[in-house]
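Enquirer: My questions concern the predicted model and sequence given below.
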Amino acid sequence: DDQRSGRPSILTDDIVEKIENALRDDRRLTMDELSAMFPQISRSLLHETITETLGYRKLSARWVPKQLTDQHKLNRVEAGQEFLRRYKLHGDEFLRSIVTGDETWVEKSFQLTRR
């Protein structure tokens, strides 16, 4: 390789790998948190690394890969088939048992009210 002029890049393969590992460990990391974890990298370079180099995008407050892997696709097909199997077995009762959400932890509590 030919030598380049200018400052050497602070973004090494090792740092890119650390950024990806951090995102895999916690997909809800914010840019502020990532900037604190990697103070040697500017926010713009960090964002470029996440979106262009690693191919992630922000979706519903978490970083997700842009493309599903074959395993992700297989998991979705299997989950869909399991839902259909349960629906055929239990009908609408099964549908009434499904709780949907956005992966946010919610504490279930019952408060008694006085009348």
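Expert: Structure received.
Enquirer: quick one: contacts of the lengthiest helix in the chain?
Expert: Ranked by residue count and defined by DSSP state H, the top helix of the chain is helix 70-90. By C-beta atoms under 8 Å, 6 or more residues apart in numbering, the surrounding residues in contact with helix 70-90 are 68, 94-95. To be clear about C-beta, it is placed using only N, CA and C from the backbone, and glycine gets the same treatment.
Enquirer: the helices in this protein, which residues?
Expert: Counting by DSSP H, the helices of the chain are 13-25, 31-37, 43-48, 70-90, 92-96.
Enquirer: ok, residue 35 - contacts?
Expert: 41, 43, 46.
Enquirer: which of the residues you listed lies closest to residue 58?
Expert: Ranked by distance to residue 58 (C-beta to C-beta), those are led by residue 46 at 12.9 Å.
Enquirer: Just give me the neighbour total for that closest one.
Expert: Neighbouring residues of residue 46 were enumerated by other C-beta atoms under 10 Å; the total is 19.
Enquirer: these two touch, right, it and residue 22?
Expert: No: contact criterion C-beta atoms under 8 Å: residue 46 and residue 22 do not qualify, at 10.7 Å.
Enquirer: I'd like the helices of the chain as CSV, with distance to residue 55 and mean pLDDT appended.
Expert: Output for the helices of the chain, formatted as CSV (distance: least, C-beta to C-beta, whole Å; pLDDT from 0 to 100):
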stretch, distance to residue 55, mean pLDDT
helix 13-25, 10, 92
helix 31-37, 16, 91
helix 43-48, 12, 91
helix 70-90, 14, 92
helix 92-96, 36, 88
